[in-house]
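Undergrad: I would like the atomic coordinates for the input below:
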Amino acid sequence: MQPSNVPTGPETLPHDGLGLARRLAGSGCGISLLLLLALLLPGAGTVAAEGPADDEILIEEDAGAAEGDSIVIDGEAAGMQGDGIAIEPEGGGSGEEEPVVIDGEPADVEGEGIVIEPEGGGTGEAASVAVEAAPAPESGERESGSLRVRVDRLWAEYGYFPASDSYTDQQGYLHGRAMLDWRITPAWELRATVRADGYYQWGGVDSNRTRLDYGESYLRYQRENTRITIGAQAIIWGRIDEIPPSDRLSTVDMSRFILDDLEDRRRAAPVIRLEQFIGAGKLDLVYLPWFRAAELPDQESVWYPVRQSSGQIMGLKSTPALSAIIRNAGFTTDAPDGNGGFGARYTGSAGALDYGLTLSRTRQSTPYFRYDPARNLFEAQYPRSWSVAGDMGLEAWGATWRLEGAWFSDTPVTGTGGGYDTVASVSYGGGVEFYPGDGDTRVNLQLTGMNMSDPPSDPVDRTDIYSFNGSFETPFDNGQWRLGMRFYIGLGENDVYLNPKLSWLGWEPFEFYLQAHYFQGGDGTPGGFHEDDSLVTLGWRAHF
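TA: Residues are numbered from 1 along each chain as shown. Sure, this is the predicted structure:
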């Protein structure tokens with residue numbers, strides 16, 4: 001038995017045992033090189049050019065500019081040599097309005113720089129303006145043989161639990177991450193990452209745990225439209241925020257429950273990955289040669305999903321008989337040997353529509369506790385399941401619209417009598433992201449749901465779950481401050497999570513923040529399980 005719905009952000013993950021593993025979103029990057037030229041000329045605005053090289057493109061200044069200030073970029077201007085590009089006044093211009101030549105290969109430019117100079121090599125005021133070329137794809141960002149060793153991130157946080165009947169009174173968290181990047185050749189890259197985490201709580205039930213772990217560490221080969229990665233990665237597939245149904249590959253980090261953002265609630269796992277870029281689309285093939293189970297907190301931690309003292313397992317409805325068994329039974333979370341499964345995902349676009357199709361057969365990384373009465377023992381199960389998923393995104397009406405759904409062949413469930421079974425289920429969600437008034441405030445709103453197919457009669461799991469969740473953030477005081485909120489609200493049942501946060505960003509690369517995590521809910525919900533564990537945290541974080 002185990003929670004069939006556990007939020008891993010402002011989220012509820014219905015059918016994942018402890019409910020976190022099914023909510024990952026994937027990402028990929030293109031291989032083609034995007035060249036962006038931002039030209040700063042006296043009296044001119046921002047210049048951007050797009051379209052075929054032989055098209056003449058008129059670039060005008062903001063409203064109110066002088067009539068003669070418009071500029072024409074002509075890819076085949078007369079008098080140019082080689083691949084140069086001429087920028088000249090509309091209509092050809094003459095006299096003081098000298099045409100300007102952008103020459104992509106000047107003799108006096110270092111590296112990838114581009115010099116803008118008057119045609120014929122003149123030396124007027126605008127004779128030497130440097131324009132940085134757009135960065136190349138990841139495989140070519142650094143020169144061959146370059147080696148970087150750096151501290152990537154540092155993080156410290158203190159938390160206080162104000163409720164008198166909370167599980168503990170205070171907690172602390174320390175985190176550091178270091179990284180080695182070696183560009184062996186233009187096509188080969190080696191990365192090694194190590195992380196250290198310290199989890200501490202005191203006052204009430206004490207717990208202290210320090211752990212050293214690997215992060216993303218791999219050998220990667222990239223050539224033209226192909227990228228092959230062997231090693232440890234945190235792969236997030238899907239489209240909707242926080243709880244994408246499409247993903248079944250990554251390893252969930254439950255050490256701090258849902259206190260952190262999604263990317264910080266995932267751990268790297270061993271993978272063999274092939275990414276093939278096909279035009280505007282990408283085929284992503286992943287095999288997990290070794291299964292890595294979810295990272296669980298210490299059993300005495302406030303965030304451990306089992307409370308034997310109260311006879312509760314997060315996400316399961318309480319009954320007197322079940323609570324008595326939980327108080328007196330043993331628990332094991334041993335993970336099975338063998339591979340973690342495989343997955344395939346194709347992403348592409350059709351006009352204004354982006355879409356993704358996913359097929360996978362994997363183990364869920366979070367444990368589902370199955371009771372063995374003969375041994376009076378709850379054993380962790382990590383069932384394999386087929387998953388077929390689809391998602392789409394559309395930019396329209398000043399917003400980004402997302403839709404995603406997935407079918408799962410084997411979702412664990414337990415009846416009131418203690419019988420363990422797996423049934424089919426579906427998870428789905430839709431959302432919209434927008435910036436009110438085209439400003440800097442970002443709002444993301446989502447509706448999500450999960451339904452089990454033919455569950456046993458009167459199960460202790462939640463078989464139908466619906467929620468309204470999302471986030472917003474807004475910067476102010478010239479970006480030195482940021483106010484944000486994550487939230488999850490159950491529909492049809494009492495299950496609430498609220499996470500307001502205030503950050504000061506005025507001293508880069510540091511962030512200082514004050515935030516609260518509020519839980520409230522009914523029987524069997526994650527909010528109800530942690531109802532007495534609401535807390536306030538004060539933290540410092542640096543990303544280098």
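
Undergrad: And residue 47, what's its pLDDT?
TA: With respect to pLDDT, residue 47 scores 34.

Undergrad: now do residue 473
TA: Looking at residue 473, its pLDDT stands at 98.

Undergrad: who does it bridge with?
TA: residue 442, residue 484 (DSSP bridges).

Undergrad: State the distance from it to residue 347.
TA: 26 Å (C-beta to C-beta, to the nearest Å). (Each C-beta comes from the backbone N, C-alpha and C, glycine too.)

Undergrad: And this protein, split by domain according to the record?
TA: The chain breaks down into these domains under automatic domain parsing: 56-131, 138-543.

Undergrad: secondary structure element for residue 371?
TA: In this assignment (DSSP states H and E), residue 371 forms part of strand 368-372.

Undergrad: After that strand, heading C-terminal, what element do we hit next?
TA: Sequence order places strand 377-381 as the next helix or strand after strand 368-372, per DSSP H and E.

Undergrad: list the helices and strands that following strand packs on?
TA: When contacts are defined as 3 or more C-beta pairs under 8 Å, 6 or more residues apart in numbering; DSSP states H and E, strand 377-381 packs onto strand 330-332, strand 368-372.

Undergrad: Comparing those, which comes out most buried?
TA: Neighbour counts (mean count of other C-beta atoms under 10 Å) averaged over each of the helices and strands packed on strand 377-381 peak at strand 368-372, with a mean of 21.

Undergrad: Can you give the strand pairings for that strand, parallel or anti for each?
TA: strand 377-381 (antiparallel).

Undergrad: Report the rounded mean pLDDT for the partner strand.
TA: Strand 377-381 comes out at a mean pLDDT of 97.

Undergrad: Would you mark the buried spots in whichever helix or strand comes after that strand?
TA: Tracing the chain past strand 377-381, the next element assigned as helix or strand by DSSP H and E is strand 384-396. The neighbour-count check on strand 384-396 (16 or more other C-beta atoms under 10 Å) flags 384-385, 387, 389-394 as buried.

Undergrad: Repeat that for stretch 168-183.
TA: Result for stretch 168-183 [16+ other C-beta under 10 Å]: buried residues 168-171, 173, 175-179, 181-183.

Undergrad: What is the distance between stretch 181-195 and the centre of its chain?
TA: 22 Å (C-alpha atoms, centre = their mean, to the nearest Å).

Undergrad: pull the CA atoms of it into CSV?
TA: Provided in CSV are the C-alpha atoms of stretch 181-195 (Å, rounded to 0.1, in the frame of the first residue of the first chain):
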residue,chain,number,x,y,z
ASP,A,181,33.3,19.7,-18.1
TRP,A,182,35.8,18.6,-20.6
ARG,A,183,35.4,19.3,-24.3
ILE,A,184,37.6,16.5,-25.6
THR,A,185,37.1,17.2,-29.3
PRO,A,186,34.4,19.2,-31.1
ALA,A,187,32.2,16.1,-31.2
TRP,A,188,33.0,14.5,-27.8
GLU,A,189,32.2,15.9,-24.3
LEU,A,190,32.7,14.5,-20.8
ARG,A,191,30.8,15.8,-17.8
ALA,A,192,31.1,14.6,-14.2
THR,A,193,29.0,16.1,-11.3
VAL,A,194,29.0,15.4,-7.6
ARG,A,195,26.6,16.7,-5.0
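
Undergrad: buried ones in it?
TA: Neighbour count says stretch 181-195 has 181-183, 187, 189, 191-193, 195 buried, by 16+ other C-beta under 10 Å.

Undergrad: Among those, which lie within strands?
TA: Those of the buried residues of stretch 181-195 mapping onto strands are 181-183, 189, 191-193, 195, per DSSP state E.

Undergrad: Now the two most distant members of the residues you listed.
TA: Within these, 183 and 195 form the most distant pair, 22.2 Å apart (C-beta to C-beta).

Undergrad: Just say which of the domains of the chain is most tucked in.
TA: domain 138-543 (a mean of 18).

Undergrad: what sits opposite the residue nearest to residue 228 when sequence neighbours are not counted in the beta ladder?
TA: If the residues on either side of it in the chain are set aside, residue 228 comes closest to residue 221, at 4.7 Å by C-beta to C-beta, 6 or more residues apart in numbering. With DSSP bridges applied, residue 221 shows beta-bridge pairing to residue 188, residue 228.

Undergrad: give me every residue that touches residue 221.
TA: 187-189, 227-229 (C-beta atoms under 8 Å, 6 or more residues apart in numbering).

Undergrad: Now residue 440. Its backbone dihedrals?
TA: With angles defined as degrees, to the nearest 10, residue 440 shows backbone torsions of phi -90, psi -10.

Undergrad: That one and residue 171, how far apart?
TA: Distance from residue 440 to residue 171, by C-beta to C-beta: 33 Å.

Undergrad: what do you get for residue 374?
TA: With C-beta to C-beta as the criterion, residue 374 and residue 171 are 38 Å apart.

Undergrad: what are the ranges of the strands in the stretch 251-400 of the chain?
TA: 251-252, 266-267, 269-278, 281-288, 306-307, 312-313, 330-332, 341-350, 353-363, 368-372, 377-381, 384-396, 399-414 (DSSP state E, counting those that start in this stretch).

Undergrad: which one of these lies closest to residue 516?
TA: strand 306-307 (22.3 Å).

Undergrad: Give me the packing partners of that closest one, helices and strands only.
TA: Here strand 306-307 touches strand 312-313, going by 3+ C-beta pairs under 8 Å, 6+ apart.

Undergrad: moving C-terminal of the least confident helix or strand in the chain by mean pLDDT, what's the next helix or strand?
TA: In the chain, the helix or strand scored least confidently by mean pLDDT, DSSP states H and E is strand 129-131, which has a mean of 34. Next in sequence after strand 129-131, counting helices and strands by DSSP H and E, comes strand 147-160.

Undergrad: and the closest residue to residue 189 other than its chain neighbours, what pLDDT?
TA: Closest residue in space to residue 189, ignoring its immediate chain neighbours: residue 220 at 4.5 Å, by C-beta to C-beta, 6+ apart. For residue 220, the pLDDT comes out at 99.

Undergrad: isn't residue 220 right up against residue 192?
TA: No: Residue 220 is beyond contact range of residue 192, at 12.0 Å (criterion: C-beta atoms under 8 Å).

Undergrad: how close does residue 355 get to residue 216?
TA: Note on residue 355: its distance to residue 216, by C-beta to C-beta, is 27 Å.

Undergrad: same check, this time on residue 321
TA: From residue 321 across to residue 216, the span is 45 Å (C-beta to C-beta).

Undergrad: and if you look at residue 202?
TA: 32 Å.

Undergrad: same thing with residue 543?
TA: In terms of C-beta to C-beta, residue 543 sits 15 Å off from residue 216.

Undergrad: where does residue 539 land in three-state SS?
TA: strand (DSSP: H, G, I helix; E, B strand; the rest coil).

Undergrad: need the least confident one among the domains of the chain, by mean pLDDT.
TA: Mean pLDDT is lowest for domain 56-131 out of those, coming in at a mean of 41.
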